[in-house]
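1. requesting a structural model of the entry that follows:
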Amino acid sequence: MCTTGLTAPDDAAVSVDIAHVCNHFAFTKVTTLITRLGSLDPAPYVLDGQQLTEPTSIVMQRTATALLQLTACLLLALGLSAQAADKNDPTGTWTWSVPGRDGNTREVTAKLKLDGDKLTGSISGRQNDTNIEDGKLSGDQISFKVTREFNGNKIVQKFSGKIAGDSIKGKIESEREGQPTSRDWDAKRAAK
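-> Numbering: from 1, shown residues only. Next comes the predicted model:
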């Protein structure tokens, strides 16, 4: 049986390693099953120096056991893959602070939703919420942009970062008066 002795992994690499071990195990079991089912002859075994024939019920029991082990291993691999995917799901409400006027800071809120591979949502502003554009999630890398207009001027902010559980760390890039600007982006997910 494919067991690891590990509890829930904290890292996607662990689940990939476990999946690799399970895939190897599954390949070995499938090869054995195909060999046995291909011949359907009882497998010979030796008892006290005499070659005997294994009863068909024993062959079927071993085949059933191998199938159960294979099924359990595949379910474990699928469960770990799903857990790693859920770990990087950005769906929820995120907050972070940005420098404001007069040296004060202002809290910004983003509401994000992942639907398949499409990332949508909105970010709060001084006057209203603005929808995000070009939202992407690739593994643990998240990115999107926000276009706002102030006094007839368009300002595009590009957000990019790495999501880890309830935290996103990255950069917010924009252009101000023709000069590129960049600042750290450290967002926390609000409790669900």
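2. how close does the closest residue to P90 other than its chain neighbours sit to I168?
-> Leaving aside its sequence neighbours, P90 sits nearest to L112 (C-beta to C-beta, 6 or more residues apart in numbering; 4.7 Å). For glycine as for every other residue, the C-beta is placed from the backbone atoms N, C-alpha and C. According to C-beta to C-beta, to the nearest Å, L112 stands 9 Å off from I168.
3. find residues that contact each of these two.
-> P90, W94 (C-beta atoms under 8 Å, 6 or more residues apart in numbering).
4. list the buried residues of stretch 168-175.
-> I168, G170, I172, E173, S174 (16 or more other C-beta atoms under 10 Å).
5. secondary structure class for the first one?
-> Read that as I168. strand (DSSP: H, G, I helix; E, B strand; the rest coil).
6. turn the buried residues of stretch 168-175 into JSON lines, including distance to Q141 and pLDDT.
-> Shown next, in JSON lines, are these (distance: C-beta to C-beta, whole Å; pLDDT from 0 to 100):
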{"residue": "I168", "distance to Q141": "10", "pLDDT": "95"}
{"residue": "G170", "distance to Q141": "9", "pLDDT": "96"}
{"residue": "I172", "distance to Q141": "15", "pLDDT": "94"}
{"residue": "E173", "distance to Q141": "15", "pLDDT": "94"}
{"residue": "S174", "distance to Q141": "19", "pLDDT": "91"}
